[in-house]
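Student: Below: sequence and its predicted model.
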Amino acid sequence: MLKLSGLITVLTTIGIIWVLFSESFSFFKEVSLVEFLTDDQWTPLFANKRFGIMPLISGTLLTTVIALSVALPLGLTIAVYLSEYAPNKVRDVLKPLLEILAAVPTVVYGFFALMVVTPFLKTIFPNISGFNALSAGIVMGIMIIPFVSSLSEDALRAVPKSLREASYGLGATRLQTAFKVMVPAASSGIVVSVILAFSRAIGETMIVAIAAGQQPRLTFDPFVPIETITAYIVQVSLGDVPHGSLEYKTIFAAGMTLFVFTFILNNLSFWIRKKFREEYE
Amino acid sequence: MSQTGHKIQSKNVDVFYGDKKALSNINLDITPNSVTALIGPSGCGKSTYLRLLNRMNDYIDTFSMTGEVLIDGQDIYSSKIEVEELRTNIGMVFQKPNPFPKSIFENVAYGLKIQGVKDKKLIANRVETALKQSALWDEVKDDLKKPALSLSGGQQQRLCIARALAVDPKIILMDEPTSALDPISTAKIEELIFELKQKYTIVIVTHNMQQAGRVSDYTAFFYMGELIEFDETTNIFTHPKEERTQNYITGRFG
C-alpha cells in the first residue's frame, strides 16, 4: 500500500515532466529557441505573433524582487527577534500566528492587493496604474514573510547556545551577538530560506494574475501593468485557445521555463543545506 | 591584597530559579591573583555561583537573587552597572570549546571589535599577545586565517582562552574547561592556568578532584546549594573540617 502511494507520486511527477517536455518540444519545432530567448515581444495571441519569453521573465523577476525586498528585511528581523529577544511565551504565540500568513488563500491576497494596496499606493504615486507590479509584489512579499522568518528562526535556533554565551561573555550586546555571531553562524540555513522564498515567489500565480495585469512588457517599471509567466499560463488556460494549436503549446514552453527556474533554485537550496550542514560537532 | 588584583566578595547570596532555591546564603571572598576551585556534585550550585559573577544567569527567565556580589567593592547587580562593560573585565571559558565559526584571528579579535576598536595594528598585537599567553601562538601563527573549527579540541579550548584574554580582563571564570578534553590537552590547560594566575584572578569549576588539587590555591566545596567549606586547597584536601567535604573528596559520594 505504502509502496503504491509512493509509486503514484513518482509516476505523477514523471507524467508532469513528460507532458511538459513533449509539448515544449513540439513548440520548439515551430519556434526557434533563439527567437524564444531573444525576441523582446510576447504576443502569441495576437495576429502578429511574437514569441519572446523575456517580457514574461522580466515581469516574473520584477514582482519577485519586490516581494523579496519586502520579505527579506522583515522576515529576517522577525526571525532574529523571535530567536534572540522574545521570551519563550511570546514566541510560542507569535510564531504560529505568523504562519497563518502563509495559510491565507492567495486569491484573498490578490484581491487585497487590487482593492486595498493599489488604491493606497495611488495616494502616494498618483500615476500608478490600476494593475501594477509594485502592489502585487508587496503583497506577495507579505505572504512569503513566514517562509523567511520561520526557516531562518529554525536556523538560528540550531546554532549552539554556547556561541551566544561566548559572545555575551566577551561583553557583546544582544544586537551585536545576533548580527555578528548568530546570523553568520546560521547563514546557510538563512540562505536556504531565502531561496525557497524566491522559488515560492516565482511560482506564485493568483496574486499576480489578479493585481499585476496581463500585459507582457519588457520593463522594470513597477508602476505599469506587466505579466508574469504564471499569470500568462492562467490567461491562456481560461481562454478559448484551441487544443493542440501553437498558442496552446506556448503555455508549456512558458511552464517549462518556470520549471527550469524553480528546479535550479530548489536544487541550489538542497545543495547548500547539504554542503554546510555539519559545521558544528 | 595586591594592587593588580580584583577581589570578589559574595554576601548572603540566595539564588532562585522560579520557586526552587539553587543557592542559599553564600558568603565567599575570593583572593586576587589566585586560583579558586569550586567543587561539588552535579547540581550543587557551583556553576550557578560561577555564572553569578558575570551575570550570565540573567538570561534565564526564572532567575532571581538576593544578597550582594561585589567586585572591587562594587555591587555588580546594582542598576548602575553596565552588564557589557562588566563582562569585558571578566573573561569566561566554557565547558565545551565554543569558538565562533570564523577564522582563528577573528575569534581572538572579536572582543576588541565589538568594543569598537578600529586600529588594525593594535588588534593584531593584542591577538598575538593573547595567543602567546594561551600557548597557542607557535601552533597557529602561520594559519591565522584558517577556520577555528579546524583546530583540535584542545587547541580550540586554548583559542577560547586567548579570546577571553584579548579584551584584557582581570578575572577569568572557567566552567569545567577540561571536561571535554584528553589528558594531554588537559595538562596543557592546567599549566596555562598556573601561568595565568600571576596576572589574573581565576575561578574554576571542576568535577575533577585531582585537578582542583593541582591547580588551585583555594577550594570551595558546594553541596545542595550551600557552601559547606572554603579554605586553602591544601587544608581542604588534607584536613577538611566537615565530614561531608571529607566524604566527597575521598569519593564516597558525588
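Tutor: Noted; the coordinates are in hand.
Student: For B:T4, report the pLDDT, please.
Tutor: pLDDT, B:T4: 45.
Student: Flag every residue of chain A that's near chain B.
Tutor: Taking CB under 8 Å from any CB of the partner chain as the contact definition, chain A meets chain B at A:87-88, A:160, A:162-163, A:165-173, A:176, A:180-181, A:184-185, A:279-280. Heads up, the C-betas are built off the backbone N, CA and C, glycines and all.
Student: Can you say which helix or strand has A:P119 in it?
Tutor: Here A:P119, judged by DSSP states H and E, is contained in helix A:118-124.
Student: what about the helix or strand that that helix is followed by, distance to the chain center?
Tutor: Sequence order places helix A:133-158 as the next helix or strand after helix A:118-124, per DSSP H and E. Offset of helix A:133-158 from its chain centre (CA atoms, centre = their mean, to the nearest Å): 10 Å.
Student: Counting neighbours, which bits of helix A:133-158 end up buried?
Tutor: The neighbour-count check on helix A:133-158 (16 or more other CB atoms under 10 Å in any protein chain shown) flags A:133-157 as buried.
Student: Close to chain A: what parts of the stretch 151-254 of chain B are there?
Tutor: Residues of the stretch 151-254 of chain B lying close to chain A by CB under 8 Å from any CB are B:C160, B:R163, B:A164, B:V167.
Student: for chain A, which helix is longest?
Tutor: helix A:246-276 (DSSP state H).
Student: looking just at contacts, which helices and strands does that helix meet?
Tutor: With contacts defined as 3 or more CB pairs under 8 Å, 6 or more residues apart in numbering or on different chains; DSSP states H and E, helix A:246-276 has these neighbours: helix A:2-30, helix A:54-80, helix A:187-203, helix A:229-238.
Student: For the stretch 151-254 of chain B, give me the ranges with low pLDDT.
Tutor: The stretch 151-254 of chain B contains residues with pLDDT under 70 at B:254.
Student: Count the residues that sit near B:V108.
Tutor: Neighbours of B:V108 under the rule other CB atoms under 10 Å in any protein chain shown: 33.
Student: Just the C-alphas of the helix holding A:P119, formatted as CSV.
Tutor: What follows is helix A:118-124, C-alpha atoms only, in CSV (Å, rounded to 0.1, in the frame of the first residue of the first chain):
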residue,chain,number,x,y,z
THR,A,118,-3.2,49.7,-5.1
PRO,A,119,-5.6,52.5,-4.1
PHE,A,120,-3.3,53.2,-1.2
LEU,A,121,-0.2,53.4,-3.5
LYS,A,122,-2.2,55.7,-5.7
THR,A,123,-2.3,58.3,-3.0
ILE,A,124,1.5,58.2,-2.9
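Student: Which positions within that helix qualify as buried?
Tutor: A:T118, A:L121.
Student: With stretch A:265-280 instead?
Tutor: Neighbour-count burial for stretch A:265-280 [16+ other CB under 10 Å]: A:L265, A:L268, A:S269, A:I272.
Student: Return the distance of A:V70 relative to A:I138.
Tutor: From A:V70 across to A:I138, the span is 6 Å (CB to CB, to the nearest Å).
Student: repeat for A:F223
Tutor: Distance from A:F223 to A:I138, counting by CB to CB: 13 Å.
Student: Cross the residues of chain A next to chain B against helices and list the overlap.
Tutor: A:N88, A:S162, A:L163, A:E165, A:A166, A:S167, A:Y168, A:G169, A:Q176, A:P184, A:A185.
Student: Return the item of these having minimum pLDDT.
Tutor: Among those, A:N88 carries the lowest pLDDT, at 85.
Student: For that one, list the residues it contacts.
Tutor: By CB atoms under 8 Å, 6 or more residues apart in numbering or on different chains, the contact list for A:N88 reads B:D61.
Student: picking up where we left off before, how about JSON lines for the ones in helices among the residues of chain A next to chain B, with distance to A:T38 added?
Tutor: JSON lines is the format used below for these (distance: CB to CB, whole Å):
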{"residue": "A:N88", "distance to A:T38": "56"}
{"residue": "A:S162", "distance to A:T38": "54"}
{"residue": "A:L163", "distance to A:T38": "50"}
{"residue": "A:E165", "distance to A:T38": "56"}
{"residue": "A:A166", "distance to A:T38": "54"}
{"residue": "A:S167", "distance to A:T38": "52"}
{"residue": "A:Y168", "distance to A:T38": "56"}
{"residue": "A:G169", "distance to A:T38": "58"}
{"residue": "A:Q176", "distance to A:T38": "49"}
{"residue": "A:P184", "distance to A:T38": "41"}
{"residue": "A:A185", "distance to A:T38": "44"}
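Student: Pick the one among those residues closest to A:T230.
Tutor: A:P184 (34.7 Å; CB to CB).
Student: Wait, the closest one touches B:E106, no?
Tutor: No - here A:P184 does not reach B:E106: they are 10.0 Å apart, not a contact under CB atoms under 8 Å.
Student: And those two? Which one has more around it.
Tutor: Higher neighbour count among A:P184 and B:E106: B:E106, with 19 against 14, using other CB under 10 Å.
Student: Excluding chain neighbours, give the residue nearest to that one in space.
Tutor: Using CB to CB, 6 or more residues apart in numbering or on different chains and skipping residues adjacent in sequence, the residue nearest B:E106 is B:F100, 7.2 Å away.
Student: Can you verify that neighbour is assigned to a strand?
Tutor: No - applying DSSP: H, G, I helix; E, B strand; the rest coil, one finds B:F100 to be coil, outside a strand.
Student: Can you name the element that comes right after whichever strand or helix holds B:I228?
Tutor: B:I228 belongs to strand B:226-232 when assigned by DSSP H and E. Using DSSP H and E, the helix or strand that follows strand B:226-232 towards the C-terminus is helix B:233-238.
Student: by contact count, what packs against that following helix?
Tutor: Judged by 3+ CB pairs under 8 Å, 6+ apart, helix B:233-238 is in contact with helix B:209-215, strand B:218-223, helix B:243-249.
Student: Deepest-packed of these, please.
Tutor: strand B:218-223 (a mean of 25; mean count of other CB atoms under 10 Å in any protein chain shown).
Student: neighbouring contacts of that one?
Tutor: B:28, B:30-31, B:34-41, B:44-46, B:49, B:212, B:227-233, B:236-237, B:240, B:242, B:244-245, B:248-249.
Student: so where does the closest residue to chain A within the stretch 101-250 of chain B fall, helix or strand?
Tutor: When scored by CB to the nearest CB, the stretch 101-250 of chain B has B:G111 as its residue closest to chain A, at 4.0 Å. Following DSSP H and E, one finds B:G111 within helix B:104-114.
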